Each structure stands twice: as structure tokens, then as C-alpha cells.
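Enquirer: Make a model of this:
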Amino acid sequence: MEVHAITKNVRMSPQKMREVVRQIQGLPAPHAQAVLAVVPRKGARIVAKTLKSAIANAEDLKAHKQEFRNMNTDRLVIKEAVAQTASIIRRSPLKPRFGWPNLKRSCHVKIVLSDE
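Expert: From the prediction side, this is the model:
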């Protein structure tokens, strides 16, 4: 059984977020939470929040859905962790001559957990 959680429109570039996401791919969920707790980056806090939400989704589905009753929430493994590109906010500087626009990038973080 698979459970997922998505955090959308995070104001951080996807490139910076992917560095954090790559560290937890394929790890068991409790071990990944421990790894994210010691990573000194802003992206680690956001990914940890998304992982916590995915674990809560798994427990909620186990309690309320018949087809998820036999899912073992103690052995959840991160099957997929992705940081995708979201919309880009373009700001141009106020100058007499046109300057290069500032690109404010954002991303979506998706984590898929599996008990298999």
C-alpha cells in the first residue's frame, strides 16, 4: 500500500530542495526523520514536515479505510521523494534602464511511503 503527502508552493528553489530530498530516498520513515533532524538546512524542516504529514496520512487511512487495515505503519519506507518545479515569480528592478528580472523560484515536495 502506498500513501503520499504533497507540500505545494514552497518558496525555495527546487535545486536546493533536491539536495535534501536525495538524502532520505529509500530510508525507513523513522530513520529519515532522524536524518532530517540533524541536517542544518531550511529545506530539511520543510521535508520533515511533509514526511510527518505522510506518516499521519498512513495512520489515518489505517484507522478509517478497510483496504488499508493490514498496512504496517511501523515499517513504512520512503519509496519516492521528489522536489518539482512550481511557478516562478518574476520581479524586475526599478531602474531608468531595464535590468535583468529577479526570479523567485518555488517548488512542490512530494513524498510517497510504502509498507512493502
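
Enquirer: Next secondary structure element downstream of the lengthiest helix in the chain?
Expert: Across the chain, the helix with the greatest residue count (assigned by DSSP state H) is helix 42-64. Downstream of helix 42-64, the next assigned helix or strand under DSSP states H and E is strand 77-85.

Enquirer: quick one: buried residues of that following strand?
Expert: For strand 77-85, the neighbour count (16 or more other CB atoms under 10 Å) marks 77, 78, 79, 81, 82, 83 as buried. C-betas here are computed from N, CA, C, even on glycine.

Enquirer: I figured the first one hits residue 28, correct?
Expert: I take that to be residue 77. Yes - between residue 77 and residue 28 a contact is recorded at 5.4 Å, counting by CB atoms under 8 Å.

Enquirer: got the angle between the longest helix of the chain and strand 77-85?
Expert: With axes from the mean of the first three to the mean of the last three CA atoms, to 10 degrees applied, the angle from helix 42-64 to strand 77-85 works out at 130 degrees.

Enquirer: and the closest residue to residue 3 other than its chain neighbours, what is it in contact with?
Expert: Spatial nearest neighbour of residue 3, excluding adjacent residues (CB to CB, 6 or more residues apart in numbering): residue 58 at 4.3 Å. Applying CB atoms under 8 Å, 6 or more residues apart in numbering to residue 58 gives the contacts 3, 68, 71, 73, 76, 113, 115.

Enquirer: Over to the fifth one: give its phi and psi.
Expert: Summarising the backbone geometry of residue 76 under the convention degrees, to the nearest 10, its torsions are phi -70, psi 140.

Enquirer: first vs last residue of stretch 98-114, how far apart are they?
Expert: Criterion CA to CA, to the nearest Å; first-to-last residue distance in stretch 98-114 is 51 Å.

Enquirer: Now do that stretch, average pLDDT.
Expert: The average pLDDT within stretch 98-114 is 92.

Enquirer: buried residues in that stretch?
Expert: Within stretch 98-114, judged by 16+ other CB under 10 Å, the buried ones are 105, 106, 107, 108, 109, 110, 111, 112, 113, 114.
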